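Participant: With the sequence up front, the predicted model follows.
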Amino acid sequence: MTGTYLLDYGAGNVRSLVNAVKKLGHDITYVKDPSDILKADKLIFPGVGAFGSAMQSLHSKQYAEPLKQYLALNKPFMGICVGMQSLFEGSDESPEVPGLGIIPGRVRLFSAKDKAVPHMGWNTARTIQGGERAKGCGLEDGRAYYFVHSFAVPFVEGSPEAKEWCLTTTQYGGEAFISSVRRGNIFCTQFHPEKSGFAGVNVLKAFLDGDASVGAELDAALLQASIVAPAGGLSVLAPTYVPEPTQDQFTKRIVACLDVRANDQGDLVVTKGDQYDVREESTEDGKGDVRNLGKPVELARRYFEEGADEITFLNITSFRNCPLTDLPMLEVLRRTSETVFVPLTIGGGIKDVVDPDGKVHPALEVAGEYFRNGADKVSIGSDAVYAAEKFYALGGRGDGTSAIETIAHAYGSQAVVISVDPKKVYVNSPSDAPTHHVIQPAQPGPNGEKYCWYQCTVSGGREGRDLDVRQLVTACQALGAGEILLNSMDQDGMKQGYDLALINDVRSAISIPVIASSGAGAPQHFVEVFEKTGVEAALAAGIFHRREVPLEDVKEACVKAGIRIRTLDA
Ligand code: 1PR
């Protein structure tokens, strides 16, 4: 069968991409056999996970050779993220594994000296070559797209990859990298069009609707216009235009969070607590109803349309009992990913689970199930605390078996978020908590205590552990986590602003991105957290659910304060 094919090797979320393609009115067939590749009229390769495992999968499934042949025939191809990287000669992520070698150049690790790594969020793609090369591919100069990666191909002016292939560059901190390439009918993006809202959907549309002959003509014209004969007599493409000096346009992210659980009638609802208590004022029987603030799929869609940069679902009672055979959030994800084209994170119950028949499912399998159903990241709460405790018990190392390690290994660090539920413990002096990292909070404690440490909790805050938040995040980063979602049990639902002392303490301890959470009550709180801490993202729940503060107002306040943010028309 001819048509558009998807080259998938089962490593991560391709559901969103398939949903986007279908929404655009196209059919897509999964490549199931190496021979399918050459049958395709158009081929999309959404590489996910680590470079080495992607290449190994291509070889073990015997896809590499037919893919090279397909590319040599100049048939329409779209590579996404690792799907783009695999076309280069190799990557520092897996130095021993060669790439396909179609494009000269190597994929390198970002430096974490001046920025958080992974590069996770919305950033701007600038076209070079005067934009000529971008014609017809739906990509707009200066538009923000969603990136999530730690490795990239540096943009080196005059290099063969820059001259012959580079379509757009993006600046992250002090580094400019190649964010998309195009030559003939080969078109690849480092960013994820299927996660880049309407801007990304336009890129996919152009590829799917596009005429295969256009790419070939365009390239021939460019080639003619810019051929030079250097000393060796070889013809190479000269850069027709020198790219504008680029600026880092990386934006701060606004995340809408949906705490989900079943209410007493058994319906799955979005709820929201104050300091983690999600029940209404107690009724006579001493047990108020679970607050019901809406339906998860509908609310997620509303937030996407209103401009949320990411959406997080937390299944807040999954620590009780959640066999793999009955994960209600799978359906929520499947339905959400049909209409929501920004990254989706799912948390709650990412751990080894036991089915009623006694069958054990490792956390990796649980996470895999979520990725296949539309999640881009999983968020680990309680299990991360246990993993960190084990890390210290082993003398500061992992043993490779934790959920963090196994999931990061298979799906990449960027797919592993740690959700932290810390609670303040006040002390009179640092010597009262000698094994913990003690700081001075903005306000003294109830008995005038000048110091506090932040205790990690498990099971939705029900149990405190002998581990402080700094110990937790440093251990989790070392084990391979890619991002921290930093809640605060004290600030949750209070609408008094984020706990800046806690956030600064965590931000300064690690280099992976941090999402500030808990306590947002007004647009100014977002401005404050971005101005006074180095966090990459800020999350809120209650004020959005209750429509007390529209997302638009939050973004407007940030723009007015000069904070780089993705606006819907940007
Ligand atoms: O331990 O891996 O099963 O994960 C359980 C997850 O459920 C954790 O991420 C934990 O944070 C979450 N959780 C458990 N119980 C509750 C609860 O509220 N009773 N919710 C809970 C945590 C905090 C944030 C909230 C922000 C922003 N909720 O998610 O959205 O505080 O709120 P605000 O803007 O209204 O202040 P595991």
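Facilitator: Received it, and whenever you're ready, just let me know what you need.
Participant: From residue 267, how far out is the closest residue to residue 9 other than its chain neighbours?
Facilitator: With sequence-adjacent residues excluded and distances taken as CB to CB, 6 or more residues apart in numbering, residue 9 is closest to residue 57, at 3.7 Å. To be clear about C-beta, it is placed using only N, CA and C from the backbone, and glycine gets the same treatment. Distance from residue 57 to residue 267, counting by CB to CB, to the nearest Å: 40 Å.
Participant: In terms of packing, which of these two has more residues around it?
Facilitator: For residue 57 against residue 267, the residue with the higher neighbour count under other CB atoms under 10 Å is residue 57, and the figures read 18 against 11.
Participant: partner residues bridging the closest residue to residue 314 other than its chain neighbours?
Facilitator: Setting aside the residues directly before and after it, residue 314 is nearest to residue 347 in space (CB to CB, 6+ apart), at 4.5 Å. The residues listed as beta-bridge partners of residue 347 by DSSP bridges are residue 314, residue 379.
Participant: List the contacts of residue 347.
Facilitator: Counting by CB atoms under 8 Å, 6 or more residues apart in numbering, residue 347 makes contact with 312-315, 378-381, 417, 419, 485.
Participant: Just confirm residue 108 contacts residue 155, I think it does.
Facilitator: No - under the contact definition of CB atoms under 8 Å, residue 108 does not touch residue 155, with a separation of 11.1 Å.
Participant: what's the neighbour count on the residue in the stretch 251-400 of the chain positioned nearest to the ligand?
Facilitator: The ligand sits closest to residue 381 of the stretch 251-400 of the chain, with a gap of 2.8 Å, by CB to the nearest ligand atom. Residue 381: 28 surrounding residues under other CB under 10 Å.
Participant: Point out the least confident one among the contacts of residue 347.
Facilitator: On pLDDT alone, residue 315 ranks lowest of the contacts of residue 347, at 92.
Participant: Setting the sequence-adjacent residues aside, check what's closest to that residue.
Facilitator: Among residues not flanking residue 315 along the chain, residue 348 sits closest, at 3.0 Å (CB to CB, 6+ apart).
Participant: For the one you found, list the residues it contacts.
Facilitator: Residue 348 sits next to 260, 313-319, 322, 329, 379, 381 when contact means CB under 8 Å, 6+ apart.
Participant: Please apply the same query to residue 121.
Facilitator: Contacts of residue 121 were listed using CB under 8 Å, 6+ apart, and they are 146-148, 250-253, 309, 513, 536-537.
Participant: if we can go back for a sec, just put the contacts of residue 347 in TSV and tack on distance to residue 83.
Facilitator: Formatted as TSV, the contacts of residue 347 follow (distance: CB to CB, whole Å):
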residue	distance to residue 83
312	26
313	27
314	30
315	30
378	21
379	25
380	27
381	31
417	23
419	29
485	27
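Participant: Cross-check the contact I'm expecting between residue 85 and residue 91.
Facilitator: Yes - between residue 85 and residue 91 a contact is recorded at 5.9 Å, counting by CB under 8 Å.
Participant: what touches both of these two?
Facilitator: Both residue 85 and residue 91 are contacted by 51, 99, 107, 151, under the criterion CB under 8 Å, 6+ apart.
Participant: Narrow these to those in strands?
Facilitator: Among those, the residues falling in strands (DSSP state E) are 107, 151.
Participant: which of the shared contacts of residue 85 and residue 91 has the most neighbours?
Facilitator: Of all the shared contacts of residue 85 and residue 91, the highest neighbour tally under other CB under 10 Å goes to residue 107, namely 27 neighbours.
Participant: that's a helix at residue 401, yeah?
Facilitator: No - with DSSP: H, G, I helix; E, B strand; the rest coil as the criterion, residue 401 is assigned coil and is not in a helix.
Participant: what's the distance between it and residue 349?
Facilitator: Separation of residue 401 from residue 349 (CB to CB) stands at 18 Å.
Participant: Could you do residue 503 as well?
Facilitator: For residue 503, the distance to residue 349 under the criterion CB to CB works out to 26 Å.
Participant: higher neighbour count, these two?
Facilitator: residue 349 (27 against 24).
Participant: So what's the residue count around the closest residue to residue 174 other than its chain neighbours?
Facilitator: Spatially, and ignoring its direct neighbours in sequence, residue 174 is nearest to residue 114 (5.5 Å; CB to CB, 6+ apart). Using other CB under 10 Å as the criterion, residue 114 is surrounded by 11 other residues.
Participant: Residue 114 - that's part of a strand, no?
Facilitator: No - according to three-state DSSP, residue 114 belongs to no strand; its state is coil.
Participant: Tell me who's in contact with residue 557.
Facilitator: Taking CB under 8 Å, 6+ apart as the criterion, residue 557 is in contact with 523-524, 526-527.
Participant: In strands only, show me the residues you listed.
Facilitator: Judged by DSSP E, strands contain none of the contacts of residue 557.
Participant: looking at those residues, which has the most residues close by?
Facilitator: Using other CB under 10 Å as the contact criterion, the top neighbour count among the contacts of residue 557 goes to residue 526, which has 27 neighbours.
Participant: That one against residue 538, yeah?
Facilitator: Yes - proximity of residue 526 to residue 538 meets the contact threshold set by CB under 8 Å, at 5.0 Å.
Participant: can you give me the offset of stretch 359-368 from its chain's centre?
Facilitator: 21 Å (CA atoms, centre = their mean, to the nearest Å).
Participant: before we move on, what about stretch 54-69?
Facilitator: Using CA atoms, centre = their mean, we find the averaged C-alpha position of stretch 54-69 to lie 26 Å away from the chain's own average C-alpha position.
Participant: got a list of contacts for it?
Facilitator: Among residues not part of stretch 54-69, those counted as contacts by CB under 8 Å, 6+ apart are 7, 9-11, 31, 34-35, 37-38, 43, 45, 47-48, 82-83, 85-86, 94, 97-100, 102.
Participant: what helices or strands is the helix or strand harbouring residue 303 leaning on?
Facilitator: Using DSSP states H and E, residue 303 falls within helix 296-306. Helix 296-306 makes packing contacts with strand 253-262, strand 268-271, strand 310-315, helix 328-336, helix 551-560 when contacts are defined by 3 or more CB pairs under 8 Å, 6 or more residues apart in numbering; DSSP states H and E.
Participant: Is the second one in proximity to the ligand?
Facilitator: No - for strand 268-271, no contact with the ligand is found by CB under 6 Å from any ligand atom; the gap never falls below 7.7 Å.
Participant: Kindly report the same for the last one.
Facilitator: No - using CB under 6 Å from any ligand atom, no contact is recorded between helix 551-560 and the ligand, whose separation bottoms out at 11.4 Å.
Participant: Tell me the buried residues in that helix?
Facilitator: Residues of helix 551-560 classed as buried under the neighbour-count rule (16 or more other CB atoms under 10 Å) are 551, 554-555, 557-558.
Participant: just the first one next, same as before
Facilitator: When neighbours are counted by 16+ other CB under 10 Å, the buried residues of strand 253-262 are found to be 253-261.
Participant: of these, list those near the ligand.
Facilitator: Residues shared between these and the neighbourhood of the ligand are 257, 259 [CB under 6 Å from any ligand atom].
Participant: Fine by me, we can end here.
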